[in-house]
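Peer 1: no sequence for this one, just the structure:
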């Protein structure tokens with residue numbers, strides 16, 4: 001509603017119209033609490049009397065109308081559904097498409113506003129060494145249009161406090177994933193499990209049919225400084241072709257990425273949703289490859305967050321629960337038939353490439 005204010009037009013301050021005009025303008029700004037105009041001993045024959053009485057009546061009518069308006073809140077779901085059910089099929093389709101388009105436009109506008117604000121505030125983009133951020137997750141929150149690739153992060157507890165480049169997946173399940181491990185070959189030393197080529201992040205993910213040993217990479221020892229929270233962080237494992245042959249999970253307890261086995265613990269079984277060591281996890285995604293899928297089990301990934309088995313298990317980074325084999329392994333402790341590690345016996349024993357991620 002557009003309101004055109006009354007103007008004084010050089011009236012003398014003592015002119016009674018001045019007060020009338022100012023009061024009317026105030027009332028239009030807030031009609032719910034309007035002030036009545038007063039006659040102030042005006043002679044009944046004064047033309048202002050009729051003006052004042054008419055203005056007061058009009059504002060009373062306006063206030064009554066506003067007070068009786070439906071301000072109870074949003075339309076109920078029942079009302080919306082009843083309206084939708086009453087529409088012909090063609091109009092339902094048009095309405096749904098319109099709402100979806102409107103929602104997308106709102107989200108796009110909000111994203112653009114967030115990006116513009118953060119750029120204006122000087123929030124780091126992570127795109128250069130000088131513009132380092134703290135993790136892929138933080139970059140994705142600050143700049144939601146960020147794409148897959150190499151970004152710079154810095155933390156006092158990693159790389160001696162110097163900025164370091166990391167590879168980030170900004171697409172899968174909303175993005176914000178920092179690559180921890182890329183395993184392309186079975187030849188690893190114990191130290192390399194924690195850090196390997198840590199200042200030479202891959203510029204792109206290795207390909208199954210062109211992989212080389214030089215593409216092996218790990219920043220596992222930095223993972224607990226990169227994850228977004230002590231518990232409630234996410235981890236992801238994929239293999240052969242990224243986005244397949246694995247899954248993603250939320251850790252519901254403050255598990256460490258570099259944790260090794262503890263004394264007097266119960267490993268539990270291999271299934272999801274049962275008790276056991278490092279098994280309080282929630283599945284976010286479950287990917288097979290093509291028409292083939294995998295199941296939690298002793299010849300596949302077990303439903304637990306990977307642990308460090310150096311000196312204990314043939315799987316140096318594994319989900320294995322000592323069930324007579326060492327399937328579910330991301331990094332193996334010896335050069336063997338499986339390349340790069342015995343991963344999933346029921347789908348892909350040696351997938352060629354295995355990736356481990358955090359957000």
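Peer 2: Ah, there it is. For clarity, every value in this text was computed on a predicted model and none was experimentally measured.

Peer 1: you'd agree residue 283 is in a strand?
Peer 2: Yes: Residue 283: assigned to a strand according to DSSP: H, G, I helix; E, B strand; the rest coil.

Peer 1: Low-confidence stretches in the stretch 251-359 of the chain?
Peer 2: Residues of the stretch 251-359 of the chain that meet the criterion pLDDT under 70 lie in 324-325, 335-336.

Peer 1: please redo it, this time with the cut-off set to 80
Peer 2: For the stretch 251-359 of the chain, the stretches flagged by pLDDT under 80 are 262, 323-325, 334-337, 348-349.

Peer 1: Dihedrals phi and psi, residue 332?
Peer 2: Phi and psi for residue 332, reported as degrees, to the nearest 10, are phi -100, psi 160.

Peer 1: Show me what it is bridged to.
Peer 2: Beta bridges link residue 332 to residue 315 when assigned by DSSP bridges.

Peer 1: Check the spacing between it and residue 92 real quick.
Peer 2: Look at residue 332 and residue 92: by CB to CB, to the nearest Å, they are 56 Å apart. To be clear about C-beta, it is placed using only N, CA and C from the backbone, and glycine gets the same treatment.

Peer 1: Which of those two has more residues huddled nearby?
Peer 2: The residue with more neighbours, out of residue 332 and residue 92, is residue 332; 26 against 13, by other CB atoms under 10 Å.

Peer 1: That one contacts residue 314, correct?
Peer 2: Yes: counting by CB atoms under 8 Å, residue 314 is a contact partner of residue 332 at 6.3 Å.

Peer 1: Mind listing the shared neighbours of the two?
Peer 2: When CB atoms under 8 Å, 6 or more residues apart in numbering defines a contact, the residues bordering residue 332 and residue 314 alike are residue 326.

Peer 1: dump the residue contacts of residue 238.
Peer 2: Contacts for residue 238 (CB under 8 Å, 6+ apart) come out as 244-246, 287, 354-355, 357.

Peer 1: again, 6 Å this time
Peer 2: Applying CB atoms under 6 Å, 6 or more residues apart in numbering to residue 238 gives the contacts 246, 355.

Peer 1: Equivalent analysis for residue 342, please.
Peer 2: Residue 342 is in contact with 326-327, 329, counting by CB under 6 Å, 6+ apart.

Peer 1: again, only this time at 7 Å
Peer 2: Residue 342 is in contact with 326-327, 329, 332, 349, counting by CB atoms under 7 Å, 6 or more residues apart in numbering.

Peer 1: gap between it and residue 307?
Peer 2: Between residue 342 and residue 307 the computed distance is 16 Å (CB to CB).

Peer 1: Quick check: buried residues in the helix or strand where residue 99 lies?
Peer 2: Using DSSP states H and E, residue 99 sits within helix 89-121. Buried residues in helix 89-121, defined by neighbour count with 16 or more other CB atoms under 10 Å: 114-115, 118.

Peer 1: Quick check on residue 53: phi, psi?
Peer 2: Per degrees, to the nearest 10, the backbone of residue 53 is at phi -60, psi -40.

Peer 1: ugh, typo on my part, it should be residue 88
Peer 2: Backbone torsions of residue 88, given as degrees, to the nearest 10, read phi -60, psi 160.

Peer 1: Could you report the neighbour count for it?
Peer 2: Around residue 88 there are 8 other residues, counting by other CB under 10 Å.

Peer 1: Distance of it relative to residue 194?
Peer 2: 64 Å.

Peer 1: go on, residue 248?
Peer 2: Distance from residue 248 to residue 194, by CB to CB: 23 Å.

Peer 1: domain ranges for the chain?
Peer 2: Under the assignment automatic domain parsing, the domains of the chain span 17-67, 79-119, 125-358.

Peer 1: Give me whichever of those domains is most buried.
Peer 2: Mean neighbours per residue, mean count of other CB atoms under 10 Å, is largest over these for domain 125-358, with a mean of 18.

Peer 1: ends of that one, how far apart?
Peer 2: Chord length of domain 125-358, first to last residue, is 19 Å (CA to CA, to the nearest Å).
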